[in-house]
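Participant: Build me a structure from this.
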Amino acid sequence: MASRGRAVPYIVAGITGIFSGIYIFQPLLSAEKAKSQNGAEAKPSIVAPQDDASVAHKSMTSES
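Facilitator: As a prediction, this is how the structure comes out:
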């Protein structure tokens with residue numbers, strides 16, 4: 001019976017994590033599902049910034 005008492009906090013934490021994940025990500029997943037059903041292709045909204053050193057290197061090599 002003592003082992004059951006030790007497991008209760010883990011069970012509660014697991015259930016809380018599952019429900020909070022559903023609550024947090026449901027709008028995002030619903031929006032993506034609606035986009036895919038409308039035929040719109042999902043495009044990445046985050047673009048990686050270019051490093052200044054790589055831009056300088058490219059400009060230096062193209063001038064030669």
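
Participant: what comes up buried for the strand or helix carrying Ser30?
Facilitator: Using DSSP states H and E, the element containing Ser30 is helix 2-37. Using 16 or more other Cβ atoms under 10 Å as the burial criterion, none of the residues of helix 2-37 qualify. To be clear about C-beta, it is placed using only N, CA and C from the backbone, and glycine gets the same treatment.

Participant: What average pLDDT does it get?
Facilitator: Averaged across helix 2-37, pLDDT comes to 90.

Participant: I'd like to know which elements that helix is packed against.
Facilitator: With contacts defined as 3 or more Cβ pairs under 8 Å, 6 or more residues apart in numbering; DSSP states H and E, helix 2-37 has no helix or strand neighbours.

Participant: List the residues that contact Val8.
Facilitator: Taking Cβ atoms under 8 Å, 6 or more residues apart in numbering as the definition of contact, Val8 has no neighbours.

Participant: Next one: it relative to Phe25, how far apart?
Facilitator: Remark: distance between Val8 and Phe25 (Cβ to Cβ, to the nearest Å) = 26 Å.

Participant: likewise Gln37?
Facilitator: Counting by Cβ to Cβ, the gap from Gln37 to Phe25 is 18 Å.

Participant: Ala34 too?
Facilitator: 15 Å.

Participant: Same question for Gly14.
Facilitator: Applying Cβ to Cβ to Gly14 and Phe25 gives a distance of 17 Å.

Participant: do Asn38 as well
Facilitator: 20 Å.
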